[in-house]
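J.: have a look at this fold, sequence not included:
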C-alpha cells in the first residue's frame with residue numbers, strides 16, 4: 001500500500017487553479033524531491049497533505065484513509081516560515097513539543113541540538129534565521145513520524161552548512177519513513193533523492209526515480225529541471 005496517494009486533486013482559489021488534476025503515489029522509505037518554480041503549486045499541495053487546506057476536487061489518502069486526524073498523528077511538517085514563539089527559549093520549546101506530540105523523542109532532539117551547535121538555553125528572539133531553521137528541523141526530525149514534509153529547509157543557511165543539514169536529514173528520519181522535500185536548491189539536495197516530482201502551473205509534469213531520470217537524460221536532476229523550465 002502507498003504511504004500517500006494523491007488522486008485527481010484540484011485546488012481552486014476564487015477562479016484561480018493552484019492545482020489541477022494532480023495524481024501521484026509516495027511509497028514508504030523514499031526521499032522525494034517536490035520541485036517546481038515559484039507559484040507552481042508546491043506549497044498548496046503541501047498544505048493539502050497536512051490538512052491545512054481542503055481540495056476543491058479529488059482525494060488525498062494516507063495509508064489508504066482520507067487525510068485528517070489520523071494522518072496528522074503520523075506526518076511531521078516543517079513549513080517554509082517559522083511558527084515558533086520568539087519569546088521562548090529553546091528549552092521551553094522542547095518541552096512544548098514533548099507535551100504536544102506523543103511521538104516526540106526528547107533525547108534525540110537534545111542530541112540533534114548538540115550536533116547542530118544550538119544551545120538549549122538560547123532565546124529564540126536572539127537567534128538568526130538560519131539558527132531558527134535548524135531548531136525547527138530538529139523539532140520536526142525528533143518526531144517518530146511516518147512522513148516528514150520539509151518545505152525549503154535550506155533557505156536560511158549558508159552553503160557550507162547545507163551538506164551538514166542534508167546529512168542530518170538523511171541520518172535522522174525514522175527507518176521506513178518517507179521524506180517529501182520541497183526546495184529550489186536542487187543541486188544541493190539531489191544526492192539524497194530517491195524520486196523526483198516536477199510540478200508546473202499546478203500540474204505534475206514528471207514523476208520518476210531520480211537515478212532512472214539521470215540515466216535516461218544523461219545529466220543531473222538539476223540540469224533536467226533547468227532545461228524543462230528554462231525561461
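T.: That came through fine. The model shown is predicted, which means the values in this text are computed figures rather than measured ones. Numbering: from 1, shown residues only.
J.: where's the closest residue to residue 4 other than its chain neighbours relative to residue 199, distance?
T.: In this structure, residue 4 finds its nearest non-sequential neighbour in residue 26, 4.0 Å apart by C-beta to C-beta, 6 or more residues apart in numbering. In this view, the C-beta of every residue, glycine as well, is placed from N, C-alpha and C. Distance, residue 26 to residue 199, using C-beta to C-beta, to the nearest Å: 14 Å.
J.: which of the residues in stretch 101-108 are buried?
T.: Going by neighbour count (16 or more other C-beta atoms under 10 Å), the buried part of stretch 101-108 is 101, 104, 105, 108.
J.: hmm, I was thinking of stretch 28-46
T.: For stretch 28-46, by 16+ other C-beta under 10 Å, it's 30-36, 40-46.
J.: contacting residues around the residue nearest the centre of the chain?
T.: In the chain, the C-alpha nearest the mean C-alpha coordinate belongs to residue 150, at 1.9 Å (C-alpha atoms, centre = their mean). Contacts for residue 150 (C-beta atoms under 8 Å, 6 or more residues apart in numbering) come out as 78, 137, 140, 169, 179, 180, 181, 182, 183.
J.: wait, is it part of a strand?
T.: Yes. Membership of residue 150 in a strand is supported by DSSP: H, G, I helix; E, B strand; the rest coil.
J.: and for residue 131, the neighbour number?
T.: 19 (other C-beta atoms under 10 Å).
J.: find the nearest non-adjacent residue to it, please.
T.: Using C-beta to C-beta, 6+ apart, the closest residue to residue 131 is residue 118 (6.5 Å).
J.: now that neighbour: phi and psi?
T.: phi -120, psi 140 (degrees, to the nearest 10).
J.: what residues are up against it?
T.: Residue 118 touches 90, 131, 134, 135, 138, counting by C-beta under 8 Å, 6+ apart.
J.: same thing but at 10 Å, please
T.: Neighbouring residues of residue 118 by C-beta atoms under 10 Å, 6 or more residues apart in numbering: 90, 110, 112, 127, 131, 132, 134, 135, 138.
J.: cool, residue 179 as well?
T.: Here residue 179 is in contact with 26, 29-33, 76, 141, 145, 147-150, 153, 169-170, 173, 192-194 (C-beta under 10 Å, 6+ apart).
J.: just those: which are in strands?
T.: 26, 31, 32, 33, 76, 147, 148, 149, 150 (DSSP state E).
J.: looking at those, spot the one nearest residue 214.
T.: The shortest approach to residue 214 among the ones in strands among the contacts of residue 179 belongs to residue 33, at 12.4 Å (C-beta to C-beta).
J.: roughly how far apart are that closest one and residue 179?
T.: 9 Å.
J.: need the residues touching each of these two.
T.: 192, 193, 194.
J.: minimum pLDDT in those, which residue is that?
T.: Least confident of the shared contacts of residue 33 and residue 179 in the model: residue 192, at 91.
J.: next, count neighbours for that one.
T.: Residues near residue 192, counting by other C-beta under 10 Å: 15.
J.: look up how far residue 166 lies from it.
T.: Residue 192 is 6 Å from residue 166, by C-beta to C-beta.
J.: picking up where we left off before, closest to residue 18 out of the shared contacts of residue 33 and residue 179?
T.: residue 193 (24.2 Å).
J.: picking up where we left off before, take the buried residues of stretch 101-108 and keep only those in strands.
T.: Judged by DSSP E, the buried residues of stretch 101-108 include no members of strands.
J.: now those residues as JSON lines including pLDDT?
T.: JSON lines is the format used below for the buried residues of stretch 101-108 (pLDDT from 0 to 100):
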{"residue": "101", "pLDDT": "93"}
{"residue": "104", "pLDDT": "95"}
{"residue": "105", "pLDDT": "94"}
{"residue": "108", "pLDDT": "93"}
